[in-house]
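Undergrad: Please find the sequence and the predicted model below.
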Amino acid sequence: MATPLTNWSGNIAFSTERRQFPESVGQLQDIVGRADSVRAIGTAHSFNRIADSNSQQVSVSALPQRIDIDEQTMTAYVSAGLRYGEVAVALHDRGFALKNLGSLPHISVAGACATGTHGSGLKNGNLPSSVNAVELVTADGSLTTLRRGVDETFPAAAVSLGCLGVATTLGLDIVPSFDVRQVVYDDLPTAALLDNFESVLGAAYSVSLFTTWSRDVVDQVWCKHKVEAASESDPTASHQAAPEASWLGATLASTARHPITSMPTRFCTQQLGIAGPWHERLPHFRLEFTPSSGEELQTEYLLPLRHGTDAFNALCEIADRIAPILQISEIRTIAADDLWLSPAYGDGSVAFHFTWLPDTQAALPVIAAIESQLAPFGARPHWGKLFTTAPDVVAAAYPRFGDFARAMQSMDSTGKFRNEFIGQFFRTA
């Protein structure tokens, strides 16, 4: 018997053993056009059944690799199956950058964007917010391109959940390359965070708070500073001046850190204030290392930043339930966008992320408790992670949910790209 195909963490065994790897767009068009049902899959870093299929999966990782730069429009056209780390190295070598990156450079461009994956920064949008064009193989096997500011349904295409078609190429906004220096502070008192919540999270170009919810401190604060002269218009930028030894009661780390203290620090990007290229500092983990064995589960919720301190306090009320099965929790900010199914749609957001021990049965009741605590703040679950929020509650959290459903029905009237997971949320589409 063939070994079942699974996702990266191994908590999902896919319902099909059929996965195809077309080597040309033409082959992909033929596969999609002939299929009754098909789901695209990226690097399988999702923790739920969003990429599952009862029929077949298709990967675009074997399509010809493309990274073309249009300097006039400051756009990079990249193959959908490329990993962000691969794109970043190629862009940097030519003097360009993406404004933001996720914590893992190992994820595919199309998969990360389709699920609304993000990095961090009060002024930095999530990864799909940099998408300005999506080339898709649609349900009838034809090829179409949706562009920002041109096509009315573009806001459905950047975060599409894989429901509009199979992405082949994405156009990404680029900027001139830049350097970043990263420092870590240990043991930020919880009281200091709550008194300075937005200023702490805005203290650098990108800020991540790591906590185990087991102590009255934030265990680590990772500050990624853009290296340039500070100005009134961009206080998050800085020279390479030595960081303060103490900050709001937290202590500057003198050695490298991993968010999970039992894990090797060599997996992590350079810290200790040593400046380096953007793509070697904005992610938490190095492309050349697998950051963990996959023995974990993940959950994440985004909610308006203005509710951040109240949400933090609400989670503190159930910290005794969270901590025993938690590996680490991360808190970040994401700028607002206008993408219809983006968890940061319409509001500057704060994200509460949880990396669990690999025990689904133990995690699910705690996940439900977190959702109950965050419900008053309009929390939206990350589309690619574990959650139990009812479909009608999820739908109600997105003002343009109905518009997305209509765009999906228009582009895929027979439901070729839908699966059981998608059907839970779009029952009438």
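TA: The structure has been received and is ready for your questions.
Undergrad: Could you point out which residue ranges in the stretch 201-350 of the chain have low pLDDT?
TA: Low-confidence segments of the stretch 201-350 of the chain, defined by pLDDT under 70, span residues 229-240, 291-293.
Undergrad: For it, which segments count as strands?
TA: Residue ranges of the strands in the stretch 201-350 of the chain, as given by DSSP state E, counting those that start in this stretch, are 206-211, 217-227, 237-238, 246-247, 250-252, 276-277, 297-304, 326-334, 349-356.
Undergrad: Let me have the ones you listed in CSV, adding mean neighbour count and distance to Asn7 as columns.
TA: In short, each C-beta sits where N, CA and C put it, glycine included. Below are the strands of the stretch 201-350 of the chain laid out as CSV (neighbours: other C-beta atoms under 10 Å; distance: least, C-beta to C-beta, whole Å):
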stretch, mean neighbour count, distance to Asn7
strand 206-211, 25, 24
strand 217-227, 23, 27
strand 237-238, 17, 38
strand 246-247, 14, 39
strand 250-252, 17, 36
strand 276-277, 16, 31
strand 297-304, 24, 11
strand 326-334, 23, 17
strand 349-356, 24, 15
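Undergrad: Select the longest helix from this protein.
TA: For the chain, the helix that runs over the most residues, judged by DSSP state H, is helix 360-374.
Undergrad: other SSEs contacting the helix or strand that that one is followed by?
TA: Note on helix 360-374: by DSSP states H and E, the next helix or strand toward the C-terminus is strand 380-381. In terms of contact count using 3 or more C-beta pairs under 8 Å, 6 or more residues apart in numbering; DSSP states H and E, strand 380-381 is assigned the packing partners strand 297-304.
Undergrad: The strand it packs on: partners in the sheet, and parallel or antiparallel?
TA: Strands adjacent to strand 297-304 in the sheet, as given by DSSP bridges, are strand 349-356 (antiparallel), strand 380-381 (antiparallel).
Undergrad: just the CA coordinates of that strand, formatted as PDB?
TA: The C-alpha coordinates for strand 297-304 follow below in PDB (Å, rounded to 0.1, in the frame of the first residue of the first chain):
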ATOM      1  CA  LEU A 297       0.400  22.300  15.300                       C
ATOM      2  CA  GLN A 298      -0.400  25.900  14.700                       C
ATOM      3  CA  THR A 299      -3.300  28.300  15.400                       C
ATOM      4  CA  GLU A 300      -3.500  32.000  14.700                       C
ATOM      5  CA  TYR A 301      -6.100  34.800  15.000                       C
ATOM      6  CA  LEU A 302      -6.000  38.400  13.700                       C
ATOM      7  CA  LEU A 303      -8.100  41.200  15.300                       C
ATOM      8  CA  PRO A 304      -8.100  45.000  15.200                       C
END
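Undergrad: on that earlier part again, nearest to Ser372, out of the strands of the stretch 201-350 of the chain?
TA: Nearest of the strands of the stretch 201-350 of the chain to Ser372, taken as C-beta to C-beta: strand 297-304 at 11.5 Å.
Undergrad: Pull the distance from the closest one to the chain's centre.
TA: Averaging C-alpha positions (C-alpha atoms, centre = their mean, to the nearest Å) puts strand 297-304 10 Å from its chain's average.
Undergrad: Contacts for that strand, please.
TA: Taking C-beta atoms under 8 Å, 6 or more residues apart in numbering as the criterion, the residues outside strand 297-304 that touch it are 9, 11, 47, 311, 334, 343-344, 347-360, 363, 367, 370-371, 374, 377-382, 385-387.
Undergrad: Can you point out the helix or strand that includes the residue nearest the centre of the chain?
TA: Among the residues of the chain, the one closest to the centroid is Thr117, at 1.9 Å (C-alpha atoms, centre = their mean). Assignment of secondary structure by DSSP H and E places Thr117 within no helix or strand.
Undergrad: Same question for Val393.
TA: Applying DSSP H and E as the criterion places Val393 in helix 391-396.
Undergrad: Same question for Gly85.
TA: Under DSSP H and E, the secondary-structure element containing Gly85 is helix 84-93.
Undergrad: The next helix or strand after that helix: how far from the chain's middle?
TA: Under the assignment DSSP H and E, the closest C-terminal helix or strand after helix 84-93 is strand 96-97. When distances are taken as C-alpha atoms, centre = their mean, strand 96-97 is centred 19 Å away from the chain's centroid.
Undergrad: So what touches strand 96-97?
TA: With C-beta under 8 Å, 6+ apart as the criterion, strand 96-97 contacts 69, 74, 76, 88, 91, 174-178, 278-279.
Undergrad: wait, what's in contact with Asp347?
TA: Contact partners of Asp347, counting by C-beta under 8 Å, 6+ apart, are 304-305, 336.
Undergrad: and which of those residues is nearest Ala192?
TA: Checking these one by one against Ala192 (C-beta to C-beta), the nearest turns out to be Leu305, at 17.9 Å.
Undergrad: Distance of the closest one relative to Val78?
TA: 30 Å (C-beta to C-beta, to the nearest Å).
Undergrad: now do Ala203
TA: To Val78, Ala203 is 31 Å away according to C-beta to C-beta.
Undergrad: Look at those two and report which has more neighbours.
TA: Under the neighbour definition other C-beta atoms under 10 Å, Ala203 and Val78 were set side by side, and Val78 has more, 24 against 19.
Undergrad: can you pull the contacts of the more buried one?
TA: Contacts were defined as C-beta under 8 Å, 6+ apart; by that measure Val78 touches 66-68, 87, 109, 169-170, 172.
Undergrad: do the same with Phe387
TA: By C-beta under 8 Å, 6+ apart, Phe387 lies in contact with 48, 299, 301, 367, 371, 381.
Undergrad: Out of these, which is nearest to Ser254?
TA: The shortest separation between Ser254 and any of these is 32.4 Å, and it belongs to Thr299 (by C-beta to C-beta).
Undergrad: Which residue lies closest in space to Gly346, excluding its sequence neighbours?
TA: Ala336 (5.8 Å; C-beta to C-beta, 6 or more residues apart in numbering).
Undergrad: And that neighbour, how far from Leu302?
TA: Where Leu302 is concerned, Ala336 sits at a distance of 11 Å (C-beta to C-beta).
Undergrad: okay, and the common contacts of these two?
TA: The contact lists of Ala336 and Leu302 share 344, 349, where a contact means C-beta under 8 Å, 6+ apart.
Undergrad: what's the burial count for the closest residue to Ile50 other than its chain neighbours?
TA: If the residues on either side of it in the chain are set aside, Ile50 comes closest to Phe421, at 5.1 Å by C-beta to C-beta, 6+ apart. If you count neighbours by other C-beta under 10 Å, Phe421 ends up with 17.
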